[in-house]
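*Asks:* The following comprises the amino acid sequence and a computationally predicted model.
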Amino acid sequence: MEEQQPAKPVFQPNGDVHVPAFVLPVSDLLSEPAAEAQRRRATVPAFDAAGGDVDTATRREQINAFMAPQIARLRDMFAVNIEKAELGGVEVLDVTPADGSHDPDRVLINLHGGAFTVGWDGVALVESIPMAVLADYRIVSVNYRMAPEHRHPAGVEDVASVYAALLEDYAPGRIGIYGGSAGGALTAQAAAWLPAHGLPQAGAVGIFGAGGVPFHAGESAWTAGYIDGSFPPPPADGSELEDITKGYFDGIDEKNDPSAWPGYHLDTLATFPPTLIITGTRALDLSPAIFTNSQLLKAGVRSTLIVGESMGHCYHYQVTMPEGRDAVDQIIAFFRENLA
């Protein structure tokens, strides 16, 4: 019997591609722990990252409950002091190594993920605890204002307030800013906002699981929706995309407001400090990350892009997985090099 050949993609006159159904094998470039994690997805219930119709207050509780076991593991692995404080009138978590050994001259501002609606303080702690110990830095995680209660630029205004307060104790070139997912996008906004509002630029920024353009920009929202499944793909019928930010960017002209999406504006990007961008081949944010890196290079900024093979959204959160730990090690090396 003649072997059946796989179906081929069909290209439409308008450039669309009809992609046939296919089986995507586990990558043979993965570490065994990462490959095993992919095999387990067949039996582990999917976590609905978009949130569905659950009200925001409940959703915030759900996210923190989901993160709680990971935070417990991280606290067993990394001894830290966590203090609630206020800087510039904004609530923060001040995370430092428990032995008091952190660098006294440098600090990192963390901006947590959570679609501009959730993530405080569960996601903030997942992003801050390992970094404090592994980097030997003080981490200041910001409880920035989110939707549905607030709209852009509330979040970046809060970041600027914390940053201005830290300038009383740190040189700007020794302050780094980083975040994942919404926090990655907010990091890009902060890099655009600070010099545009009379503040000195930070020493370096890390944009992880995001870019300087919206998450739905480009084709990765489609591919990740069908391959990774953490976020749904755009509607196939062309109907309006679900707004997972719950209106945070209502009224914003996506391509013409550099305070929201600086990736479209080379003159704004030219003011950025050295930038590290991390994404994955299965990540929703792959296209925004690639585009933002290319735009930064075009604008003359030193930008580095890391793309994790077969990795999904914000894989650097998984520090117990070799690929995640490799990403964290590169983040630390980047800040050590650039916060001179």
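*Replies:* On my side now, so go ahead.
*Asks:* biggest helix in the protein by residues?
*Replies:* helix 56-77 (DSSP state H).
*Asks:* which of the residues in that helix are buried?
*Replies:* 59-60, 62-64, 67, 70-71, 74 (16 or more other CB atoms under 10 Å). To be clear about C-beta, it is placed using only N, CA and C from the backbone, and glycine gets the same treatment.
*Asks:* where do the strands sit along this protein?
*Replies:* 10-11, 17-18, 80-87, 90-97, 107-111, 138-142, 175-180, 204-208, 275-280, 303-308 (DSSP state E).
*Asks:* So for Ala154, which of the ones you listed sits nearest?
*Replies:* strand 90-97 (10.7 Å; CB to CB).
*Asks:* Any stretches of the chain with poor pLDDT?
*Replies:* Scanning the chain for pLDDT under 70 picks out the ranges 1-3, 45-52.
*Asks:* Give me the most central residue, it.
*Replies:* In the chain, the residue lying closest to the centroid (CA atoms, centre = their mean) is Gly180, at 2.1 Å.
*Asks:* how long is stretch 231-250 from one end to the other?
*Replies:* 21 Å (CA to CA, to the nearest Å).
*Asks:* now do stretch 259-276
*Replies:* 19 Å.
*Asks:* Flag every buried residue along that stretch.
*Replies:* So for stretch 259-276, counting by 16+ other CB under 10 Å, buried means 259-265, 268-269, 271-276.
*Asks:* Next step: these restricted to helices.
*Replies:* 268-269.
*Asks:* now, which of the buried residues of stretch 259-276 sits nearest Gly113?
*Replies:* Among the buried residues of stretch 259-276, and counting by CB to CB, the member closest to Gly113 is Leu276, at 16.1 Å.
*Asks:* Identify the bridge partners of that closest one.
*Replies:* Counting by DSSP bridges, Leu276 forms beta bridges with Gly206, Thr304.
*Asks:* Would you agree it is in contact with Arg302?
*Replies:* No. In this structure, Leu276 is not within contact of Arg302 by CB atoms under 8 Å, at 9.6 Å.
*Asks:* What segments of the stretch 151-300 of the chain are helices?
*Replies:* 154-166, 182-196, 220-227, 266-269, 286-298 (DSSP state H, counting those that start in this stretch).
*Asks:* The longest one versus helix 286-298: what angle between them?
*Replies:* Same thing as helix 182-196. 30 degrees (axes from the mean of the first three to the mean of the last three CA atoms, to 10 degrees).
*Asks:* and helix 182-196, what does it pack onto?
*Replies:* Contact here means 3 or more CB pairs under 8 Å, 6 or more residues apart in numbering; DSSP states H and E; on that basis helix 182-196 packs against strand 107-111, helix 154-166, strand 175-180, strand 204-208, helix 266-269.
*Asks:* gap between that helix and the chain center?
*Replies:* 12 Å (CA atoms, centre = their mean, to the nearest Å).
*Asks:* With stretch 201-210 instead?
*Replies:* Distance, stretch centre to chain centre, for stretch 201-210: 10 Å (CA atoms, centre = their mean).
*Asks:* okay, how far is it across that stretch, tip to tip?
*Replies:* Terminal residues of stretch 201-210 are spaced 20 Å apart (CA to CA).
*Asks:* what's the answer for stretch 243-258, then?
*Replies:* Start-to-end, stretch 243-258 (CA to CA) is 20 Å.
*Asks:* How about stretch 262-276?
*Replies:* 15 Å.
*Asks:* what sits up against that stretch?
*Replies:* For stretch 262-276, the external contacting residues (CB atoms under 8 Å, 6 or more residues apart in numbering) are 188-189, 191-192, 195-196, 201-208, 211-213, 254-256, 258, 288, 291-293, 295-296, 298-304, 306, 330-331, 334, 338.
*Asks:* Please produce a PyMOL select command covering the buried subset of the residues you listed.
*Replies:* Here is the PyMOL command that selects only those of those that count as buried (16+ other CB under 10 Å):
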select buried, resi 188+189+191+192+195+201+202+203+204+205+206+207+208+211+212+213+258+288+291+292+293+295+296+299+301+303+306+330+331+334+338
